[in-house]
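Asks: show me the folded form of this:
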Amino acid sequence: MDEDLRERLRTAAASHRPDRARMLARIERGMAQGPPARPARAPRSPMPWLRIAGATVAVCGVLTAGAFAVTSTGREEPSGGQRVAAEPAPPAPATPPPVRGGELPAGKGPLWSDGSLDPNSSDYWAQSEVVVKTTEPLTGLTVELRIAMNGGVNTTGSWRSLPEGDFEATAREEDGYLVYRWTLKPGRGVPTGTHTFAGQYNHAEGARDTGQDDYTARARTADGTTSVGGGFSETR
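Replies: Next up is the predicted model:
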């Protein structure tokens, strides 16, 4: 094999992208020119095809290793890939705020009640309130508020949160008390919910003791009758 052919083979083996068909074609063209004159002592290169194939395999191995390295590096963070993020833990369920003042202190069956002094009461005037809460519709209801006649008490009016036309309301002195009374008219009803009845009155200047004041609420439902009552602990 002459030097020209060897040079061509070395060039083909060093190529980054070997073209096997082109290399074979060059070898065939070189061999078609006939064997060149060789020096008498120049040893014959054994098995030239094995050397050509070995060079080709070496080049292909280098290129394959390079491609594998590039692919491995790119696989670490693929373009356009998606990251799966852990979903946050669901928020803890909200705890209902405590009811200020708690449930109505007096209760029986579907009826509950509470008596209190309006915070806007003064040293000359006061408003006592009875709150009635029912969990069933009422077909009859009478609310009675009794204010002890101590300290020059006299009425200045009354009101209720239910419709005025559904009740007969009175205010009179009875046995040392100013008595406010609201009575549901026949054929009328009280819906489920919380309802307020209030009596207003003047009194002598200064703090007034409410320890003797009280109230009652008597109701009728589809299942029968029930009543609740209580007093007023505040002093005004």
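
Asks: does Gly115 touch Gly230 like I think?
Replies: Yes: using C-beta atoms under 8 Å, Gly115 is in contact with Gly230, at 5.0 Å. In this view, the C-beta of every residue, glycine as well, is placed from N, C-alpha and C.

Asks: name the helix or strand of this structure that has the lowest mean pLDDT.
Replies: In the chain, the helix or strand scored least confidently by mean pLDDT, DSSP states H and E is helix 48-75, which has a mean of 41.

Asks: so how far is Asn120 from the nearest residue to Met149 once chain neighbours are set aside?
Replies: Counting by C-beta to C-beta, 6 or more residues apart in numbering, Met149 lies nearest to Gly176, which is 5.2 Å off, once chain neighbours are set aside. Going from Gly176 to Asn120 by C-beta to C-beta, to the nearest Å gives 26 Å.

Asks: report the buried residues of stretch 133-146.
Replies: Of all the residues in stretch 133-146, those buried under the rule 16 or more other C-beta atoms under 10 Å are Lys133, Thr134, Glu136, Leu138, Thr139, Gly140, Leu141, Thr142, Val143, Glu144, Leu145, Arg146.

Asks: show me how this structure divides into domains.
Replies: As given by automatic domain parsing, the domain ranges for the chain are 3-35+48-68, 106-231.

Asks: in strands, which of the buried residues of stretch 133-146 fall?
Replies: Lys133, Thr134, Gly140, Leu141, Thr142, Val143, Glu144, Leu145, Arg146 (DSSP state E).

Asks: could you work out the most separated pair of those?
Replies: Thr134 and Arg146 (21.4 Å; C-beta to C-beta).

Asks: please settle this for me: is Leu9 part of a strand?
Replies: No: counting by DSSP: H, G, I helix; E, B strand; the rest coil, Leu9 is not part of a strand but helix.

Asks: for Tyr201, which residues are in contact?
Replies: By C-beta atoms under 8 Å, 6 or more residues apart in numbering, Tyr201 lies in contact with Trp125, Ala126, Gln127, Ser128, Ile147, Val153, Asn154, Thr155, Thr156, Leu178.

Asks: hang on, isn't the first one packed against Gln200?
Replies: Yes: Trp125 sits in contact with Gln200 when judged by C-beta under 8 Å, with a separation of 7.2 Å.

Asks: more neighbours: the two, which one.
Replies: Gln200 (19 against 14; other C-beta atoms under 10 Å).

Asks: sheet partners, orientation included, of the strand or helix carrying the more buried one?
Replies: Here Gln200 is covered by strand 193-202, with elements defined by DSSP states H and E. For strand 193-202, the paired strands and their directions (DSSP bridges) read strand 125-134 (antiparallel), strand 154-160 (antiparallel).

Asks: now what about whichever helix or strand comes after the shortest one, what contacts it?
Replies: Using DSSP H and E, the helix or strand that follows strand 154-160 in sequence is strand 167-174. Applying C-beta under 8 Å, 6+ apart, the set of residues contacting strand 167-174 from outside is 146, 149, 155, 158, 160, 178-185, 188, 199.
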